[in-house]
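Participant: With the sequence up front, the predicted model follows.
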Amino acid sequence: MFKVDLNSDLGESFGNYKLGLDEEILKHITSANIACGWHAGDALCMSKTVKNACNQDVAVGAHPGFMDLEGFGRREMKITKQEAKAYIKYQLGALMAFTTSNNIKIQHVKPHGALYNMAAKDKDLAMGIAEAIYEVDKDIILLGLANSQMIKAAKDIGLRVASEVFADRAYNLDGSLVSRSIEGSVIHDADLAICRVIRMVKEGKVKSISGEDINIDAQSICVHGDNPKALEFVKKIYEALINENIEIAKLSEFIK
């Protein structure tokens, strides 16, 4: 039987600014990637999101990014491997205070935005992220882009790792995500997203933006919480996975 995790990026509201439909989305996912206050989120939002995830029996993951509220962490920054390590540890520690006070452990770390995309291609950045997690807690899973340098880095140092795919994003031929500045990079058709997800899980393939099939390992499916149709997407994808006899489970239940 096929088994897959369903995740979403949550906890990205801060101050007077509300983003996403976190409470509703939590009802339909198994893992939550919670912003750690740099690209989005704040202390109160982190606290609330962790508690809500616990109440819904959803696994909690850290979602660290660049310190860039204005750019939502989606603008590239030139950083060293050591800086990447420090950034991950800092944000991981912040979220860990809230998980500890709720008597749970952080299941995984998924970098956000530009940091995620850069580390997918940059071996040093990927290794910095993997080493940071390993040095804080060897049991934490690194959730990274399928076939990326993050997956390789985690395996190299003996960290548990899960390959992530995106329900609502287009892929380049090399397996990287299409830049959001390019038309067609975000998929708004829920039915198309569902067809792509089922194929990624069952066949291990997805059609690139240029039309060719690429191989892909789908252990966790992401639906972005800031997508206007996120709730519609996640409900339909959840139902489709069940109808296709694909078991939906937390990463910690099947990633060894």
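Facilitator: That came through fine.
Participant: Would you agree Ile231 is in contact with Leu26?
Facilitator: One thing to correct before we go on: residue 231 is Leu, not Ile. No - if you go by CB atoms under 8 Å, Leu231 and Leu26 don't touch, sitting 10.6 Å apart. All C-beta spots, glycine's among them, are computed from the backbone N, C-alpha and C.
Participant: where in the stretch 101-250 of the chain is pLDDT low?
Facilitator: For the stretch 101-250 of the chain, applying pLDDT under 70 flags the ranges 225-229.
Participant: what about the strands in it?
Facilitator: Taking DSSP state E, counting those that start in this stretch to define them, one finds strands in the stretch 101-250 of the chain at 108-109, 141-145, 161-166, 205-207, 213-215, 220-222, 247-248.
Participant: contact partners of the third one?
Facilitator: Strand 161-166 is touched from outside by 5, 7, 108, 110, 141-147, 150-151, 154-155, 177, 197, 200, 206, 216-222, 224, 251, 255, with contacts defined as CB atoms under 8 Å, 6 or more residues apart in numbering.
Participant: Can you dump the C-alpha atoms of that strand in PDB for me?
Facilitator: Below are the C-alpha coordinates for strand 161-166, written out as PDB (Å, rounded to 0.1, in the frame of the first residue of the first chain):
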ATOM      1  CA  VAL A 161      15.200  12.600   5.400                       C
ATOM      2  CA  ALA A 162      11.900  12.800   3.500                       C
ATOM      3  CA  SER A 163      11.400  13.800  -0.100                       C
ATOM      4  CA  GLU A 164       8.800  16.500  -0.700                       C
ATOM      5  CA  VAL A 165       6.700  17.200  -3.700                       C
ATOM      6  CA  PHE A 166       4.300  20.100  -4.400                       C
END
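Participant: Just want the angle from it to strand 141-145.
Facilitator: Counting by axes from the mean of the first three to the mean of the last three CA atoms, to 10 degrees, strand 161-166 points 40 degrees away from the direction of strand 141-145.
Participant: shift numbering so it begins at 25
Facilitator: With the count now opening at 25, the last piece we talked about shows up as strand 185-190.
Participant: The protein: helices as residue ranges?
Facilitator: 46-49, 67-79, 105-125, 137-145, 147-160, 173-181, 214-227, 254-267 (DSSP state H).
Participant: Need the residues that contact the last one.
Facilitator: Think helix 254-267. Contacts of helix 254-267 (CB under 8 Å, 6+ apart): 28, 30, 32, 44-45, 48-49, 52-53, 191-192, 214-215, 217-218, 221-222, 225, 245, 247-248, 251, 272.
Participant: Out of those residues, which end up buried?
Facilitator: The neighbour-count test (16 or more other CB atoms under 10 Å) marks 28, 30, 32, 44-45, 49, 52-53, 191-192, 214, 217-218, 221-222, 225, 245, 247-248, 251, 272 as buried among these.
Participant: helices or strands next to whichever strand in the chain runs longest in the packing?
Facilitator: In the chain, with assignment by DSSP state E, the single longest strand is strand 27-34. The contact analysis (3 or more CB pairs under 8 Å, 6 or more residues apart in numbering; DSSP states H and E) places strand 27-34 against helix 46-49, strand 55-59, strand 83-87, strand 244-246, helix 254-267, strand 271-272.
Participant: 6 Å instead, please
Facilitator: If contacts are counted by 3 or more CB pairs under 6 Å, 6 or more residues apart in numbering; DSSP states H and E, strand 27-34 sits against strand 55-59, strand 244-246.
Participant: Redo the strands of the stretch 125-274 of the chain as CSV? Include distance to Val82.
Facilitator: CSV is the format used below for those (distance: least, CB to CB, whole Å):
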stretch, distance to Val82
strand 132-133, 12
strand 165-169, 14
strand 185-190, 16
strand 229-231, 26
strand 237-239, 30
strand 244-246, 13
strand 271-272, 11
